[in-house]
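> below are the sequence and a predicted model; questions follow.
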Amino acid sequence: MPRKLLALAIVLALVLQCSGAVIAEDVTPVFVDHLDGSSTGNDNARVTFVSGRQGLAAQFASDDSYIRYSGSILSSGQGAIEFYWKPPADIYGLYSYRHQGWTNYSKNAPPSNGFLLDNVGWKPASKGSFALWLGPVVSLTAESTGSTLGMNMWNGSTWYRASATRSSCPTIISAEVSGSKATLSWNSTYPIWLWDPNTWYMITVTWGPNGNILYVNGREWARSGHTGQICTSGSFSLGQDPTNQTHANAYWPYGPHSMLGTYDELKVYDRQIVPSAADPDVSRPSGYAASYGTSSKSYTNSVDLGNVTSCELTLSPGTYYLVIAPKTNTGFVGPKSGEVNVTIQLVPANRVEVTSQYGTASGEGYYQAGETATVTVSPTTIQKDTFTNYVFEGWRAGGIIVSSSATYSFTVSQSVSLTASWKTELNLVIVGGLAAGILVVVAVVAFLVLRRPKAAVTTTPPLPPAVPPT
């Protein structure tokens, strides 16, 4: 092991030893229930055993589902309870409306949460009573933007709460419009955390000299300063404990509130453990989805985005309603953000005018700013007369050649008039042919002249020598 890591391990071990906490792997649980359907000293109601994280697991499909244990298996001074929990499908939708068995207490509406672990519910509490609860939504609405997980402990006079809230979707969203483009930006009040129905969560609660500490996947979620003992009399339950010594209705006053989902591998320790850390990013967004439509609350289009905090959408003229939703790496899409709306104005189009004295020009029309226009002219060479041609030399805008290509593409920013410019050039084919013809004629004439027979030459005999005078 590298020296730095070894040093860190030694420091951590010393800290844990001084604090009284121990690593989970270093201590054996005093009680284990694999929740595989066999009897391990518990009783249960309205529980179905299904395929779990390991073997079978207990599925709670009803608000009054529970698995109950004797409080005597708990260590009062310090200890820990650990179990795995998998959220129900559509957990946010399930807790965004009032369940049938929920009841009001006077003028108070029932809370939109559920008990994961409990020995008190809402009944009068004994010293050391506790309740682990999850509120997937802040209020009874599908537009709720946060969730809270907390562990409450009663010291006889005060409730100590180890709880923390996480955002379930972007809570701060803005939109800006420029032409046909809408730019969305978003952020959140708290870090975004999604209770993913495709994921098992290891939940650990501990009590003792280090306080009441709540862990999720081995990472500290929250803590309180309660260092008192936990109640070991009576019973405690996965879900809401139904025991009530005061009222005929075991779930008084709000009705049954067991947290739905699937539970597995319950362990009880007599030491205040530090659980092993699991993947800390399993429920953090791996990306986002932008959804929009032309009617409020009706989103007919969706765009998958990466793990970003802004995006740009190109939209046709009209009014649009937009939301952003986070998603995990399992494909689960969380709650939608609050809605924002944008209006894309009908921007007058820019005219691209195309003219050419010769040939056929195309590409003329109306274009929105930012669109690409392509103009062409064909053919690029046209015969003027026997000896000359009109030849395309380029596209002119404002008298200046902007492209020498017969096919010209450009981004439209304003109206523009393009004129095909032509120049006159010799028809090299005709001229060359004519020159070649002349050369041929000259060569033939020269050849004929050279081949003509030469005329006979007549020679005059020499005069006789002169006679000398006598």
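That came in fine, so what should we check first? Numbering: from 1, shown residues only.
> residue ranges with poor pLDDT in the stretch 251-400 of the chain?
Along the stretch 251-400 of the chain, the model assigns pLDDT under 70 to residues 280.
> now Ala175: which helix or strand?
strand 172-178 (DSSP states H and E).
> okay, now the sheet partners of the helix or strand following that strand, with direction.
Next helix or strand after strand 172-178 toward the C-terminus (DSSP H and E): strand 181-187. Taking DSSP bridges as the criterion, strand 181-187 forms sheet pairs with strand 172-178 (antiparallel), strand 310-314 (antiparallel).
> just put the ones you listed in JSON lines and tack on distance to Val442.
Where C-beta positions appear, they are placed from N, C-alpha and C, glycine not excepted. Converted to JSON lines, the strands paired with strand 181-187 look like this (distance: least, C-beta to C-beta, whole Å):
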{"stretch": "strand 172-178", "distance to Val442": "73"}
{"stretch": "strand 310-314", "distance to Val442": "70"}
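> in TSV, list those strands along with mean neighbour count and distance to Leu439.
Conversion of the strands paired with strand 181-187 to TSV gives the following (neighbours: other C-beta atoms under 10 Å; distance: least, C-beta to C-beta, whole Å):
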stretch	mean neighbour count	distance to Leu439
strand 172-178	13	68
strand 310-314	14	65
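> so which of those strands is nearest Ala289?
strand 310-314 (10.0 Å; C-beta to C-beta).
> next structured bit after that closest one?
Note on strand 310-314: by DSSP H and E, the next helix or strand toward the C-terminus is strand 318-327.
> so who does the residue nearest the centre of the chain touch?
By C-alpha atoms, centre = their mean, the chain has its centre lying nearest to Gly287, at 2.0 Å. Going by C-beta atoms under 8 Å, 6 or more residues apart in numbering, Gly287 touches Asp304, Leu305, Gly306, Asn307, Val308, Pro326, Lys327.
> top of these by neighbour count?
With neighbours defined as other C-beta atoms under 10 Å, the most crowded of the contacts of Gly287 is Pro326; it has 27 neighbours.
> show me what that residue bridges to in the sheet.
Going by DSSP bridges, Pro326 forms beta bridges with Tyr288.
> just checking, it touches Pro170?
Yes - when contacts are counted by C-beta atoms under 8 Å, Pro326 is listed as touching Pro170 (7.3 Å).
> find residues that contact each of those two.
Ile192, Tyr288.
> the nearest residue to Tyr105 once chain neighbours are set aside: neighbour count?
Spatial nearest neighbour of Tyr105, excluding adjacent residues (C-beta to C-beta, 6 or more residues apart in numbering): Pro253 at 3.8 Å. Pro253 is flanked by 15 other residues according to other C-beta under 10 Å.
> do the same with Asn212
Count around Asn212 with other C-beta under 10 Å applied: 24.
> before we move on, back to that, and the gap between the residue nearest to Tyr105 and Ser96?
22 Å (C-beta to C-beta, to the nearest Å).
> show me where the stretch 351-470 of the chain has its helices.
Per DSSP state H, counting those that start in this stretch, the stretch 351-470 of the chain carries helices over the ranges 428-451.
> any weak-confidence spans in the stretch 51-200 of the chain?
Counting by pLDDT under 70, the stretch 51-200 of the chain has low-confidence residues at 139-144.
> one more time with 80, if that's ok
Residue ranges of the stretch 51-200 of the chain with pLDDT under 80: 138-144.
> so which residues of it form strands?
56-60, 66-70, 79-86, 114-118, 130-135, 146-154, 159-167, 172-178, 181-187 (DSSP state E, counting those that start in this stretch).
> over to the stretch 351-470 of the chain?
Using DSSP E, counting those that start in this stretch, strands in the stretch 351-470 of the chain cover 360-362, 365-367, 372-378, 381-383, 388-397, 400-403, 407-411, 416-426.
> of those strands, which is nearest Thr343?
Taking C-beta to C-beta, strand 365-367 is the member of these nearest to Thr343, at 21.6 Å.
> contacts for that closest one next, please.
By C-beta under 8 Å, 6+ apart, the residues outside strand 365-367 that reach it are Ala349, Asn350, Arg351, Val352, Ala373, Val412.
> quick one: buried ones out of those residues?
The neighbour count (16 or more other C-beta atoms under 10 Å) marks Asn350, Val352, Ala373, Val412 as buried among the contacts of strand 365-367.
> now for those: which two are most distant?
Distance extremes for those: the farthest pair is Asn350 and Ala373 at 8.7 Å, using C-beta to C-beta.
> now for the two: what residues contact both?
Common neighbours of Asn350 and Ala373 (C-beta under 8 Å, 6+ apart) are Tyr367, Val412.
> all strands for the stretch 201-350 of the chain, in order.
201-207, 212-216, 219-224, 235-239, 261-269, 273-274, 287-293, 301-305, 310-314, 318-327, 340-344, 350-356.
> CA atoms only: put stretch 325-336 into CSV for me.
The C-alpha coordinates for stretch 325-336 follow below in CSV (Å, rounded to 0.1, in the frame of the first residue of the first chain):
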residue,chain,number,x,y,z
ALA,A,325,-36.3,16.9,-16.0
PRO,A,326,-33.2,15.1,-14.7
LYS,A,327,-32.4,11.5,-15.5
THR,A,328,-30.1,8.8,-14.1
ASN,A,329,-27.8,6.5,-15.8
THR,A,330,-30.4,3.7,-15.6
GLY,A,331,-32.7,5.7,-17.9
PHE,A,332,-35.1,6.8,-15.1
VAL,A,333,-36.5,10.3,-15.7
GLY,A,334,-37.3,12.3,-12.6
PRO,A,335,-39.9,15.0,-11.9
LYS,A,336,-40.2,17.9,-14.3
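> and that stretch, which residues are buried?
Ala325, Pro326, Lys327, Thr328, Asn329, Phe332, Val333, Gly334, Pro335, Lys336.
> now, which of those sits nearest Ala58?
Closest to Ala58, out of all of those and judged by C-beta to C-beta, is Phe332, at 22.1 Å.
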